[in-house]
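Student: Quick one, what's the 3D model for this:
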Amino acid sequence: MTAVDERVDDPAAQTAEPLLRVRNVVQQFTSRGAGGLKGGVVHAVSNVSLDIQPGETLGVVGETGSGKSTLARSILQAPRPKSGEVFFQGTDLMRLRRRELVEARRQLQMVFQDPFGSLNPRWRVVDLVEEPLLGYGVRGAEHRRERVRELLDLVGLNPGTFGRRRPRELSGGQCQRVAIARAIALNPALVICDEAVSSLDVLVQAQVLNLFEQLRRELGLSYLFISHDLALVKQVSDRVAVMHLGQLAEVGPAERLYRQPQHPYTAALLASIPGLAPGAGRTRGPAPLSGEPPSPLHPPSGCRFRTRCPRAQQRCTEEEPALRERAPGHYVACHFPLEAAGSGRAQDAVGTASTT
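Tutor: Alright, predicted model coming up:
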């Protein structure tokens, strides 16, 4: 996909002051190769642009290896992207020195997938939650202890019951609540959730998702919610960005994108999830996605989805599609996008198919 510039149909240029503004971010890595395979440049994130507004949850979905987590780390500058711009609260994080970046991260926190792996197993819960306060120089031992008690209450853990425990004495859901308490300790504006509930069972997932929503209402948080689980993302997101092989395929309001996907990749992903396939108004719905994605070491020319797309034509081989507005707030990077249900246009290719 070509770089998204400041233009009328740019989904990341619809408001003057978003909380997070990402422009044309590129992240690449050098692979040495292994098992007889040749190394090369891994095109992990390619010209991605998106915005997050204050109080908004933007969901990012895609297959494993689509670049979701790499995008999150690029936003955090861990490591810095190869090129592009990342503006957070009006400041370009790409230009900050190390100490300035550490201070900026006070307002930009992350919750990781593995709650046990992200917590020091030898520390007590109260010490784990207090650590960010100490790290950023919050003074007064009693003030910090009171803040820790407040945070544990916020995430649904009784300080008297859980404060003295260590991670091994907690369940997965309880550990993730501790991780969330750490993430909100410094009153951040944006929390990046990288597969934050994928390791939890279904009942605990629902409880933690409810907690995220409660904290958004009470604290005014914004979220970048990354997951491979499309059903979960639909529950929590205001808008959704769909990534494929390091690029944005589709971005739009969650309800519309799930009801009327216009990129063949999005439609195929949804068709693979029972109950999510958008079949209303169509003679035949899209088939679930099949086949492995191409290697990010050697992405296809033109459209990166063309090798698995039933609608691919010669133009798809020669030219990368740019994100274009197909409906208000709904952007698609496809030369031959699917038509909205009930539009009256041909849908014959949909039935044979293989997140601003």
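Student: CA atoms for contacts and neighbours, from now on please.
Tutor: Noted.
Student: residues near residue 84, how many?
Tutor: 18 (other CA atoms under 10 Å).
Student: Now for it: which residues touch it?
Tutor: Contacts for residue 84 (CA atoms under 8 Å, 6 or more residues apart in numbering) come out as 22-26, 47.
Student: closest to residue 181 among the residues you listed?
Tutor: Using CA to CA, the shortest approach to residue 181 within those belongs to residue 22, at 26.6 Å.
Student: how far away is residue 43 from residue 251?
Tutor: 21 Å (CA to CA, to the nearest Å).
Student: Looking at the two now, which is surrounded by more residues?
Tutor: The neighbour comparison of residue 43 against residue 251 (other CA under 10 Å) goes to residue 251, with 32 against 20.
Student: tell me the SS of the more buried one?
Tutor: strand (DSSP: H, G, I helix; E, B strand; the rest coil).
Student: just checking, it touches residue 330?
Tutor: Yes - contact status for residue 251 versus residue 330: in contact at 5.8 Å, counting by CA atoms under 8 Å.
Student: Longest helix of this structure, counting residues only.
Tutor: In the chain, taking DSSP state H as the definition, the longest helix is helix 202-219.
Student: What backbone torsions are found at residue 88?
Tutor: Phi and psi for residue 88, reported as degrees, to the nearest 10, are phi -120, psi 120.
Student: which residues sit in contact with it?
Tutor: Contacts here follow CA under 8 Å, 6+ apart; on that basis residue 88 touches 19-21.
Student: Which residue is the nearest non-sequential neighbour of residue 26?
Tutor: residue 46 (4.7 Å; CA to CA, 6 or more residues apart in numbering).
Student: okay, now residue 52: neighbour count?
Tutor: Neighbour tally, residue 52, other CA under 10 Å: 23.
Student: again with residue 317
Tutor: For residue 317, the count of nearby residues is 16 (other CA under 10 Å).
Student: The host helix or strand of it: which residues count as buried?
Tutor: Secondary structure from DSSP states H and E places residue 317 in helix 314-318. For helix 314-318, burial by neighbour count (16 or more other CA atoms under 10 Å) applies to 316-317.
Student: outside of that helix, which residues touch it?
Tutor: Where contact means CA under 8 Å, 6+ apart, the residues beyond helix 314-318 that reach it are 300-303, 306, 335.
Student: what's the average pLDDT for that helix?
Tutor: In this model, helix 314-318 carries a mean pLDDT of 95.
Student: CA atoms only for that helix, dumped as PDB, please.
Tutor: In PDB, the C-alpha atoms belonging to helix 314-318 read as follows (Å, rounded to 0.1, in the frame of the first residue of the first chain):
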ATOM      1  CA  GLN A 314      -3.500  -7.400 -13.500                       C
ATOM      2  CA  ARG A 315      -3.800  -4.100 -11.800                       C
ATOM      3  CA  CYS A 316      -3.400  -5.700  -8.400                       C
ATOM      4  CA  THR A 317       0.000  -7.100  -9.500                       C
ATOM      5  CA  GLU A 318       1.300  -3.700 -10.700                       C
END
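Student: tell me the secondary structure for residue 117?
Tutor: Three-state call for residue 117 (three-state DSSP): coil.
Student: Domain parsing of this protein, as residue ranges.
Tutor: What automatic domain parsing lists as the domains of the chain is 1-31+40-89+192-356, 114-188.
Student: Centre of the chain to the first one, how far?
Tutor: Think domain 1-31+40-89+192-356. Centroid displacement of domain 1-31+40-89+192-356 relative to its chain, using CA atoms, centre = their mean, to the nearest Å, is 8 Å.
Student: now swap in the last one and tell me
Tutor: When C-alpha coordinates are averaged (CA atoms, centre = their mean), domain 114-188 and its chain have centres 24 Å apart.
Student: Now do that domain: distance from first to last residue.
Tutor: Start and end residues of domain 114-188 are separated by 21 Å (CA to CA).
Student: How about stretch 262-276?
Tutor: Start-to-end span of stretch 262-276 (CA to CA) is 15 Å.
Student: can you give me the strands in the chain?
Tutor: With strands called from DSSP state E, the chain shows them at 20-31, 40-52, 57-61, 83-88, 91-92, 108-111, 190-194, 222-226, 239-244, 247-253, 324-327, 330-332.
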